[in-house]
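Visitor: Sequence plus predicted model, see below.
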Amino acid sequence: MWLTSFKVPEGAKKILNEGMVDEITSYLPIVLALRRWQLSFCSKLHGVSFGSFYRRVSNKGPSILVVRDTNGVVFGAFISESIRNSTNYYGTGEMFVFTYKQLSTIDTKNPTEKTEFNYLEPSKSNCDLRTSMKDCFTEFAVSEYRLAREESNFRKNGDNLKESSKSISRISVFPWSGKNCFYIYTDNSRIAIGGGGSYSLTIDGEFFRGWSSPCSTYDSPTLSSHEDFLVNAFQVWTLVDDYQ
């Protein structure tokens with residue numbers, strides 16, 4: 001159990017609960033795992049203006065982008081840099097996308113069989129020229145992800161055994177594949193995560209409609225209930241270091 005500070009402000013929709021925050025935190029880089037989660041943007045509280053969105057999230061550092069569609073599926077991404085209005089892709093190999101979906105009964109004889117964590121050693125030669133090579137995974141960053149994955153799987157396997165007689169909802173995480181460096185693109189009209197033929201997640205400029213398709217950047221499937229979805233709630237949680 002991580003000691004992450006997390007509080008939903010009054011008036012904001014509760015997309016995440018403490019258990020979900022704990023699961024997402026287990027996949028974050030170690031240096032961010034104990035930071036306080038602060039709601040920097042919420043479409044219900046702060047409106048649907050991209051101008052307001054950028055004012056509230058710019059220069060805030062790493063963040064968690066979270067979406068809930070009108071079918072109740074929660075999904076999102078870890079953004080390793082401050083979100084900003086840009087004409088180029090940005091981000092680093094620490095980024096990942098995730099989704100929560102109702103999964104079928106777990107096989108108690110082999111509870112790890114359906115653990116959904118796609119991992120691929122990154123290839124620096126595949127990085128986009130606009131992205132600095134130093135942004136690619138270092139061996140240290142890779143080891144952090146492996147450690148986080150193993151710890152999270154250990155916790156989840158124990159939970160799976162307890163829930164073996166019924167369906168459960170849990171996180172599926174998809175880290176950077178190393179195939180390209182199309183991490184995130186945000187301009188005046190959209191938020192786009194991933195690339196290389198299709199986006200892992202796209203939100204339109206009014207925070208009303210979105211799209212999610214299988215994406216080579218994260219080797220991720222469709223994260224939402226359907227590839228074309230309507231947004232029920234959209235939030236960005238920044239990771240605040242209270243000791244700086």
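Guide: Structure's in. What do you need? Numbers count the residues shown, from 1 in each chain.

Visitor: Grab the nearest non-local neighbour of Leu28.
Guide: Take Leu28 and drop its neighbours on the chain: the residue closest to it by CB to CB, 6 or more residues apart in numbering is Phe78, 6.4 Å away. (Glycine included, C-beta is placed from N, CA and C.)

Visitor: what packs against the helix or strand where the one you found lies?
Guide: Assigned by DSSP states H and E, Phe78 belongs to strand 74-79. Strand 74-79 is packed against strand 63-69, strand 96-103, strand 201-204, with contacts defined by 3 or more CB pairs under 8 Å, 6 or more residues apart in numbering; DSSP states H and E.

Visitor: For it, what does the pLDDT average out to?
Guide: Looking at strand 74-79 alone, the average pLDDT works out to 98.

Visitor: Could you report the neighbour count for the residue nearest to Leu28?
Guide: By the other CB atoms under 10 Å criterion, the neighbourhood of Phe78 contains 23 residues.

Visitor: Gly47 too?
Guide: One way to gauge burial is a neighbour count; for Gly47, by other CB under 10 Å, it gives 13.

Visitor: do Gly76 as well
Guide: Other residues within reach of Gly76 by the criterion other CB under 10 Å amount to 26.

Visitor: Ile203 too?
Guide: Here the neighbour count serves as a burial measure; for Ile203 (other CB under 10 Å) it reads 24.

Visitor: What lies in contact with the strand holding Phe78?
Guide: Taking contacts as CB atoms under 8 Å, 6 or more residues apart in numbering, the residues outside strand 74-79 that touch it are 15-16, 20, 24, 27-28, 62-69, 91, 94-100, 184, 193, 200-201, 212, 223-224.

Visitor: Same question for stretch 94-104.
Guide: Outside of stretch 94-104, the residues within contact range by CB under 8 Å, 6+ apart are 20, 24, 27, 29, 73-80, 114, 137, 141, 167-176, 183-184, 193-194, 200-201, 215, 218, 220, 223-224.

Visitor: now do 7 Å
Guide: 20, 24, 27, 29, 73-80, 114, 141, 167-176, 183-184, 193, 200-201, 218, 220, 223 (CB atoms under 7 Å, 6 or more residues apart in numbering).

Visitor: do stretch 236-244 as well
Guide: The set of residues external to stretch 236-244 that reach it, using CB under 7 Å, 6+ apart, is 32, 35-41, 57, 60-66, 83.
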